[in-house]
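Visitor: Sequence and predicted model, in that order:
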Amino acid sequence: MESMRLSTLLIVMATSALGWDANFVSAQGFGLPGGGSNTVSPTNGFPTTGLPPAATVPSTAATSTAATSTAATSTPGRVNSGQTALQSLGQSPVATSVAADKTLPSGAGQKYRKYDLSPYTGHLKQVVRPEQAVVDWIIRETGSDAWFSPPFGFLNADHNTLSVYHTPEMHQVVGEVVEKFVAGDTEPQVLSVKVLNVGNPNWRNRAHLLMQHVGVDSPGVQAWLLSKENAAMVMNQLRQRTDTRVKQDLNLVLHNGQTQKLTSTLGKNYVRNMRQTPTGWPPYEPETGEIHVGYKVEISPLLSTDGKVIDCVIKAEIDQLDKLLPVDLELPLQNNQVHRAQIDVPQVVSWRLNERFRWPSDMILLLSCGVVASPDAKPASPMSFLNMDLLTGTTTGRADALMFIQFKGRASANLTHTGPAMQMASPQNPTSRGRY
């Protein structure tokens, strides 16, 4: 008994000599008998000898100079004034900042200018945040790196004003884009979109000399420009073929520069797995999955101020179910027999297009998506754009998908004409927009 007391006394004396907090072990969360509370002490359980008093949490208005100097004088194993317990455990410190100068950097000759957008935005009462289209087209023209790398600059827009701080060269580009919006035609415009599928790509044999080839970066995609007369001849040649089907022929009413989104998707179920049932009978049950197949197309046209040139960004996402590959499974049973089942492995064909085209507005753009797999599902709606049987109708197989795009001018001048039905495309959600 005397030896135990002597050992305890020696431990207490050693702890006092080292200057350690008696609650050190308890403060680390072990909670041994005789210790204090299990909360971390202000010194995080480390010796307080030679350390400055515990600092209070700095206010948000304080500059980061003090925090920087504190971090510079910290030593391993110690929590200095102003340093949190998380920082002492090796976590990254809070990002520091310094008070900026009252003047913006202007080493590259940057200038601050404001552009009036009201001549454009004032006409688009039904469009949410119409000024976003101006920002989108500026980014497309300049690239995003110009605004996030030296020289310093910024771009901001509200409903009536575009604020830009950048070099004179960048202002020249921005001014040209803004001019197309504020000085261009603010009336709704009409784009004619015709979608066909041809069973054999040899239609190019007769039409080759009637088309002017245009370079495209997207793999498998081809583009041509045609005069209205040549386009009518090519269309007549296609209609005479027995493997040609016109899937869509409609007129889209668009505002200049605005992005419109057209979507048609359909979910297709399949058996992706077999799992044991919790009740024991039947021994296995199918686990189904769903593949969303269909089309998403975004079109954003921008006319020149004189209306003679159209600049158009076309984005397309096509996910098609080519076929389901069956796989036979032999699953064990408790009586040493097997349960035979089948699951499906989907063979999916995905195709992406993100291209920007510029052509004279009196010509017609023809796009070929290439020979791609066609879905075998029925369309969700026969009037929806790019419905599910777009490429080859209701039969499986492969076909050459074609899209004719023609600018027809103001909607007011086309509404009185008989022809394909007009369709107002719904603008994108302004919070996402899928831009650039």
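Guide: Good, I have the coordinates.
Visitor: Could you list the low-pLDDT ranges of this protein?
Guide: 1-93, 372-397, 415-436 (pLDDT under 70).
Visitor: Which residue ranges of it form strands?
Guide: Under the criterion DSSP state E, the chain contains strands at 111-116, 154-157, 161-166, 189-198, 212-214, 222-226, 244-254, 260-276, 284-303, 309-332, 338-360, 364-373, 398-410, 422-424.
Visitor: Is it correct that residue 107 is in contact with residue 151?
Guide: Yes - here residue 107 reaches residue 151: they are 6.7 Å apart, a contact under CB atoms under 8 Å. In short, each C-beta sits where N, CA and C put it, glycine included.
Visitor: who's more crowded, the two?
Guide: Between residue 107 and residue 151, residue 151 has the larger neighbour count (other CB atoms under 10 Å), namely 15 against 8.
Visitor: mind checking the backbone torsions on the more buried one?
Guide: Here is the backbone geometry of residue 151 (degrees, to the nearest 10): phi -70, psi 160.
Visitor: For the nearest residue to it once chain neighbours are set aside, grab the count of nearby residues.
Guide: Computed as CB to CB, 6 or more residues apart in numbering, the closest residue to residue 151 that is not its neighbour in sequence is residue 108, at 3.6 Å. Residues lying near residue 108 (other CB under 10 Å) number 14.
Visitor: and residue 108, how far is that from residue 279?
Guide: 73 Å (CB to CB, to the nearest Å).
Visitor: and if you look at residue 178?
Guide: In this view, residue 178 and residue 279 are 68 Å apart by CB to CB.
Visitor: quick one: residue 328 and residue 339 touch, right?
Guide: No - contact between residue 328 and residue 339 fails when scored by CB under 8 Å: they sit 11.4 Å apart.
Visitor: what about these two, which has more around it?
Guide: Under the criterion of other CB under 10 Å, the comparison of residue 328 against residue 339 puts residue 339 first, with 13 against 8.
Visitor: separation between the more buried one and residue 235?
Guide: 57 Å.
Visitor: count of residues packed around residue 191?
Guide: Neighbour count for residue 191, taken as other CB under 10 Å: 19.
Visitor: cool, residue 270 as well?
Guide: Neighbours around residue 270, by other CB under 10 Å: 15.
Visitor: Which residues are in contact with it?
Guide: Listed by CB atoms under 8 Å, 6 or more residues apart in numbering, the contact set of residue 270 reads 288-291, 324, 344, 346.
Visitor: repeat that for 7 Å
Guide: Neighbouring residues of residue 270 by CB atoms under 7 Å, 6 or more residues apart in numbering: 288-289, 291, 324, 344, 346.
Visitor: Same question for residue 317.
Guide: If you count contacts by CB under 7 Å, 6+ apart, residue 317 has them with 296, 352.
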